[in-house]
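Enquirer: have a look at this prediction, sequence included:
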Amino acid sequence: MAGFVAKKLCPQLIQIPLNFEKYTAKAQEVRKILVEYDPRFESASIDEAYLNVTNYCETHNIDPEEAVEQLRREVYEKTKITVSAGIAANAKLAKICSNMNKPNGQFRLANDRNVILAFMRDLPTRKVNGVGRVFERELDAIGVKTCGDIYAYRQYLAKLFGEKAFQFLMQCHLGLGRTKVQPAEEYERKSVGTESTFADMSGHVKLRDKLRWTAEELEKDMRRTGFKGRTLVLKVKLHTYEVFTRQVIPPKAVWLADDLYKYSVPMLAKLEQDFPGLRLRLMGLRCTHLVSMKKPDTMTFFGFKNRPEQPSNDDPETSKCKDSAPENDQWENWPDAEFEEAAREEQQEELEELEALSQLEEVDLRRHHGKEILPNPKRESDATPEEEWWDCPICLRPQATSEKEFNEHIDLCLSRQTIREAVQATAQGEQQFSRDGTPDFKKARNGSGQKRKDRGFVVAGDPKQRRLCFG
DNA sequence: GCGGATCAG
DNA sequence: ATGGCTGATCCGC
């Protein structure tokens, strides 16, 4: 409930300031328990998570209901937090079910078509994630109140609301939903932005000052998340509460306040033209079409293990999904244009990154906006005993303590050493690297036959290539 | 791709 | 009439 509403209803109410550090710490306590039930659970927010307990139920030979009862009891005993849960055949149904016995309860919907259809029949559309205030009213206006009502109106839905909405509604009717559950960090971020509301403001200088400040706020978040943006979006809310956005594509990917400001000022000027005497109550900046500033790590790229990484042995889901983890695909995911502009940007980038590094300690990690994405906690139950690593004599990186694996690694490492020497000696990677910068062995392993347009730049002369390959 | 709008948490 | 902020997605053009 909004604070000022509560205060009106309950004038003696004492309000305590927010403390996200506390909430995040508590959430981590809870997640340490969740990870024992599904190491690949998905945090949907600070207080919500999806778990696939199929494996847990099998290995512990218990019902989903028992497993979830036990999970909730364990969460309560260890953290004093009560939680509600829904158990169902997919994420959409589980979410709905989790609201059935709130607070501190659970509800299971049997994985049975007729049971599910019966459940949907009387379910108000608004209960489904994705149906909000507006869509609910629109559906209501044509006579659709429950998910059961949807089918009778199927011939109108696509025409009225579009094909996507039609597909969505039919899935609601049938109780269909996603079954894939994966750690939050495996989802790709699409934008980074910041906005703020203030007392009505007008005037060239004041608005530019506010824009400058907004740009500085955004730089902090770009720095923290490690992205640049190819597109820059300015958002304003007029004193009339009307919202407008304007966007530009700067000549280069941006993240520094100076650039964010420089390229957004013309948009503000345009708005001042469009709305003479512009009066604002909100201003925001957002970067989209993100480019990661985290360079593909050479060690990861060459397939070396990271010391803290645990080999996941007992979970078929984990091993199955491993190859789709984004960190293994970083090369493939690099946008083409990145290469196109790489050489031109290189010098500038170098300066900026040096500056970024020198200022890294000054970043205030407590007061930032934006979604917190933390990796799932490590599972207590498969904590590895200390010193279970052998250091490779060639690359000096820790390796698995299996005779066979270790020897295979050394073979690989020696061949890499040969490649490295060859490249360094000739300073011309044409033998080992294709023109698109993808090492041939990576291509072969990838095997997806992904095509990349030939940009025709010279590998040996590109400073980025030098750094990416053997940095 | 742009700009508006809806939705979730 | 119950706000502000961050981020995602969809639609029409």
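Expert: Now that the structure is in, tell me what you want to look at.

Enquirer: can you tell me the SS state at A:Arg230?
Expert: strand (DSSP: H, G, I helix; E, B strand; the rest coil).

Enquirer: what residues are up against it?
Expert: A:Arg230 sits next to A:249-250, A:253, A:287-291, A:337 when contact means Cβ atoms under 8 Å, 6 or more residues apart in numbering. C-beta: built from backbone N, CA, C; applies to glycine.

Enquirer: pull the contacting residues for the one residue in the stretch 101-250 of chain A that gets nearest to DNA strand B.
Expert: Nearest residue of the stretch 101-250 of chain A to DNA strand B: A:Gly132, at 2.2 Å (Cβ to the nearest atom of the strand). By Cβ under 8 Å, 6+ apart, the residues touching A:Gly132 are A:Arg126.

Enquirer: for chain A, what spans make up the strands?
Expert: Using DSSP state E, the strands assigned to chain A run over residues A:42-45, A:48-50, A:85-87, A:106-108, A:191-202, A:227-238, A:243-248, A:279-292, A:389-391, A:398-400.

Enquirer: tell me which of these is the most buried.
Expert: strand A:85-87 (a mean of 23; mean count of other Cβ atoms under 10 Å).

Enquirer: ok, A:Asp149 touching A:Ile142?
Expert: No - the pair A:Asp149 / A:Ile142 is not scored as a contact, 9.2 Å apart, by Cβ atoms under 8 Å.

Enquirer: neighbour count winner among the two?
Expert: Using other Cβ atoms under 10 Å as the criterion, A:Asp149 and A:Ile142 rank with A:Asp149 on top: 19 against 12.

Enquirer: let me see the confidence value for the closest residue to the more buried one other than its chain neighbours.
Expert: Among residues not flanking A:Asp149 along the chain, A:Gly143 sits closest, at 6.6 Å (Cβ to Cβ, 6 or more residues apart in numbering). Model confidence at A:Gly143, given as pLDDT, is 93.

Enquirer: could you measure A:Gly143 against A:Ser84, distance?
Expert: Separation of A:Gly143 from A:Ser84 (Cβ to Cβ, to the nearest Å) stands at 32 Å.

Enquirer: and for A:Ile96?
Expert: 12 Å.

Enquirer: the two: who's more crowded?
Expert: More neighbours surround A:Ile96 than the other of A:Ile96 and A:Ser84, with 23 against 16 (other Cβ under 10 Å).

Enquirer: in this structure the more buried one contacts A:Arg126, no?
Expert: No - counting by Cβ under 8 Å, A:Ile96 does not reach A:Arg126; the two are 10.7 Å apart.

Enquirer: hang on, the earlier thing: output the strands of chain A as TSV; include the columns distance to DNA strand B and mean pLDDT.
Expert: Output for the strands of chain A, formatted as TSV (distance: least, Cβ to the nearest atom of the strand, whole Å; pLDDT from 0 to 100):
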stretch	distance to DNA strand B	mean pLDDT
strand A:42-45	3	92
strand A:48-50	6	95
strand A:85-87	12	96
strand A:106-108	16	96
strand A:191-202	10	91
strand A:227-238	5	93
strand A:243-248	4	92
strand A:279-292	6	92
strand A:389-391	39	66
strand A:398-400	38	68
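
Enquirer: would you list those strands in a markdown table and tack on distance to DNA strand C?
Expert: Shown next, in a markdown table, are the strands of chain A (distance: least, Cβ to the nearest atom of the strand, whole Å):
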| stretch | distance to DNA strand C |
| --- | --- |
| strand A:42-45 | 10 |
| strand A:48-50 | 14 |
| strand A:85-87 | 21 |
| strand A:106-108 | 24 |
| strand A:191-202 | 3 |
| strand A:227-238 | 8 |
| strand A:243-248 | 9 |
| strand A:279-292 | 5 |
| strand A:389-391 | 35 |
| strand A:398-400 | 33 |
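
Enquirer: Throw the ones you listed into JSON lines and include distance to A:Glu136, thanks.
Expert: JSON lines is the format used below for those (distance: least, Cβ to Cβ, whole Å):
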{"stretch": "strand A:42-45", "distance to A:Glu136": "21"}
{"stretch": "strand A:48-50", "distance to A:Glu136": "21"}
{"stretch": "strand A:85-87", "distance to A:Glu136": "21"}
{"stretch": "strand A:106-108", "distance to A:Glu136": "22"}
{"stretch": "strand A:191-202", "distance to A:Glu136": "27"}
{"stretch": "strand A:227-238", "distance to A:Glu136": "25"}
{"stretch": "strand A:243-248", "distance to A:Glu136": "22"}
{"stretch": "strand A:279-292", "distance to A:Glu136": "26"}
{"stretch": "strand A:389-391", "distance to A:Glu136": "56"}
{"stretch": "strand A:398-400", "distance to A:Glu136": "54"}
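
Enquirer: A:Gln182 is nearest to which of those strands?
Expert: With Cβ to Cβ as the measure, strand A:42-45 is the member of the strands of chain A nearest A:Gln182 (5.8 Å).

Enquirer: partners of that closest one in the sheet?
Expert: The pairing partners recorded for strand A:42-45 under DSSP bridges are strand A:48-50 (antiparallel).
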